[in-house]
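S.K.: Prediction below, plus the sequence it came from.
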Amino acid sequence: MSIAYLGLGANLGNPRKTLQAAIGWLAQQANVTLRAQSSFYRSAPVQASGNDFYNCVLALETTLSPFQLLALCAAGEDYFGRLRSYRNAPRTLDIDILLYDQLSIDTANLIVPHPRLTERAFVLLPLLELNADFEIPQRGRADAFLPAVAAQRIDKVLDKNLIQFDAPNSAFSSSTFIHRPNMDYLAENSRQAITVPHLQIMREKAEKIAALTCYDASFAALLDQAGVDVLLIGDSLGNVIQGHATTLPVTVADIAYHTACVARSQSRALIVADLPFGSYATPSEAFANAVTLMRAGAQMVKLEGGMWLSDIVRFLVERSIPVCAHIGLTPQSVHALGGFKVQGKTGAAAKQLLCDAQALQQAGAQLLVIEAVPTALGAQLTDALLIPTIGIGAGPDCSGQVLVLYDLLGVSTGKRPRFAKNFVSEQARQASNQPILQAAVEAYVHEVKMGVFPAAEHTF
Ligand SMILES: Nc1nc(=O)c2c([nH]1)NC[C@@H]1CN(c3ccc(C(=O)N[C@@H](CCC(=O)O)C(=O)O)cc3)CN21
Ligand SMILES: CC(C)C(=O)C(=O)O
Ligand SMILES: [Mg+2]
């Protein structure tokens, strides 16, 4: 295993998005494990024309040789559509090998350490951010070269997880936010069992929560191995397992049976079970049914509804049953809502959902699923709450995402919701050499963690 440092730069199109996507792509490659990512930096073009560049440095562990890694970088540049009409023309994406272990390589195609590494603020600064005591093979301490680049204009554009850009003469408005992914999930110690307090910590650390529905022991093991944080025994099983048109026919016994199947596989992931339609009309009914699900192996129960549920949520929480609330498109209310429609589109409806969310948090809910609302409302609800939010068709700004497993795998039938991205066809397109379903789930986890999924086309 070798350690390599890559420098990434982009100055065309939406350069930050390109960098983000490229980092996600690199992290998905076999034989490469991302170990650290610097902030993004914005700098004036050096020996090049065009817009400001956005740069960052990555540290990765790899079993690839330097030349294999070079080929991978070239493939990445191609993949993200490098357009070079003339030397030093603006480019979509540039990926350079800066360092590879302690190696010195000097060939026509590859020079390592990168020859201009110490002359460029946009490489030195991010490198020093990763390690302030960085030693460059044969050149000594990296920080010794700082005075030489002091005149180069450069701004660190990301300090925390969300940074507001002040870019008066760029195409981005001052309200443009960028999400810096928290990649703690790649760390060795990330196999610890997930608990309810852990989800709260993930929200605070801005590590995205990747949830999926799961109905059986085999998939529970597969999803767990792929790094899924929360397994939801959803009443969507009424659709995808039982073949009903809605979730209304699902019973407590059905959910308990599938919860027991999932729970038998001893997952790291937190197990959450849906209370089905008609099973929580009163506090005592809700409690009796929640106990059934907890006995079957659930660690938290989920129920659909707004502030009217507050007393029921409080009743459960006081009796040691962790609760996940579910607002927005609540499929158990399909007939009351008049179909599976996007919710919270008017100002009044959005305000109602904000009140609902706050009341549910106040009542003791420790997690909130938000389904099928406009992106801005998903962000607003998340901002307004302290507890983590899990979006499904609620945009990329929730604390995490959930999908119906069979939608992700492309094995569900009928009309698929707009948010139901098929990750299997995506993986097939990228010709992965991993087992296809596993790779698809890993791609989903990764895209959620990186904030790449959901993209605009999955949001309302
Ligand atoms: N397979 C499956 N996937 C799900 O996501 C899912 C289920 N089943 N069953 C339970 C509910 C039902 N869900 C649904 C079903 C359909 C839409 C849907 O077609 N929505 C329209 C929005 C139309 C509009 O108001 O603009 C869409 O285009 O996505 C959304 C959620 C989500 N849940
Ligand atoms: C999609 C999620 C949120 C759900 O409630 C279900 O699967 O039943
Ligand atoms: Mg459900």
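M.R.: Cool, got the structure. Numbers count the residues shown, from 1 in each chain. Ligands and ions are numbered 1, 2, ... in the order given.
S.K.: wait, what's in contact with the closest residue in space to S267 that isn't next to it in sequence?
M.R.: Spatial nearest neighbour of S267, excluding adjacent residues (C-beta to C-beta, 6 or more residues apart in numbering): D224 at 4.0 Å. From N, CA and C alone the C-beta is placed, and that goes for glycine too. With contact taken as C-beta atoms under 8 Å, 6 or more residues apart in numbering, D224 is in contact with 231, 265, 267-269.
S.K.: Give the PyMOL command for selecting the buried subset of those residues.
M.R.: Only the buried entries of these go into this PyMOL selection, using 16 or more other C-beta atoms under 10 Å:
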select buried, resi 231+265+267+269
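S.K.: and of the contacts of D224, the nearest to ligand 2?
M.R.: If you rank the contacts of D224 by distance to ligand 2 using C-beta to the nearest ligand atom, L231 comes first, at 10.9 Å.
S.K.: my guess is the closest one contacts L270, does it?
M.R.: Yes: between L231 and L270 there is a contact at 7.2 Å, judged by C-beta atoms under 8 Å.
S.K.: and H458, how many residues sit next to it?
M.R.: When neighbours are counted by other C-beta atoms under 10 Å, H458 registers 21.
S.K.: Please list all residues in contact with G305.
M.R.: Neighbouring residues of G305 by C-beta under 8 Å, 6+ apart: 325-327, 330, 333, 356.
S.K.: That one and F67, how far apart?
M.R.: When distance is defined by C-beta to C-beta, to the nearest Å, G305 is 59 Å away from F67.
S.K.: cool, G395 as well?
M.R.: 41 Å.
S.K.: And for D96?
M.R.: In terms of C-beta to C-beta, D96 sits 14 Å off from F67.
S.K.: Name the residue in these two with the higher neighbour count.
M.R.: D96 (20 against 14).
S.K.: Helix, strand or coil: sort out that one for me.
M.R.: strand (DSSP: H, G, I helix; E, B strand; the rest coil).
S.K.: Return the residues of the stretch 251-400 of the chain in contact with ligand 1.
M.R.: 329, 331, 340-342, 372 (C-beta under 6 Å from any ligand atom).
S.K.: So what's the residue count around whatever residue of the stretch 201-350 of the chain ends up closest to ligand 2?
M.R.: In the stretch 201-350 of the chain, the residue that lies nearest ligand 2 is G234 (2.2 Å; C-beta to the nearest ligand atom). Using other C-beta under 10 Å, G234 has 31 neighbouring residues.
S.K.: How much space separates the residue nearest to S236 when sequence neighbours are not counted from ligand 2?
M.R.: Excluding its sequence neighbours, the residue lying closest to S236 (C-beta to C-beta, 6+ apart) is V404, at 4.8 Å. Remark: distance between V404 and ligand 2 (C-beta to the nearest ligand atom, to the nearest Å) = 5 Å.
S.K.: which other helices and strands contact the helix or strand that contains V369?
M.R.: Element membership of V369, judged by DSSP states H and E, is strand 367-371. Packing contacts for strand 367-371, counted by 3 or more C-beta pairs under 8 Å, 6 or more residues apart in numbering; DSSP states H and E, involve strand 300-304, strand 323-328, helix 347-362, helix 375-384, strand 389-392.
S.K.: mind listing what that strand pairs with, with the direction of each?
M.R.: strand 323-328 (parallel), strand 389-392 (parallel) (DSSP bridges).
S.K.: any chance of the ones you listed in TSV, plus mean neighbour count, distance to ligand 3 and mean pLDDT?
M.R.: Output for the strands paired with strand 367-371, formatted as TSV (neighbours: other C-beta atoms under 10 Å; distance: least, C-beta to the ion, whole Å; pLDDT from 0 to 100):
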stretch	mean neighbour count	distance to ligand 3	mean pLDDT
strand 323-328	28	7	98
strand 389-392	28	9	98
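S.K.: and stretch 118-133, what's its mean pLDDT?
M.R.: Across stretch 118-133, the average pLDDT comes to 91.
S.K.: Give the buried residues for that stretch.
M.R.: Buried residues in stretch 118-133 (16+ other C-beta under 10 Å): 118, 120-130.
S.K.: swap in stretch 407-427?
M.R.: 407-410, 412, 417, 419-424, 426-427.
S.K.: go on, stretch 271-285?
M.R.: 271-277, 279-280, 283.
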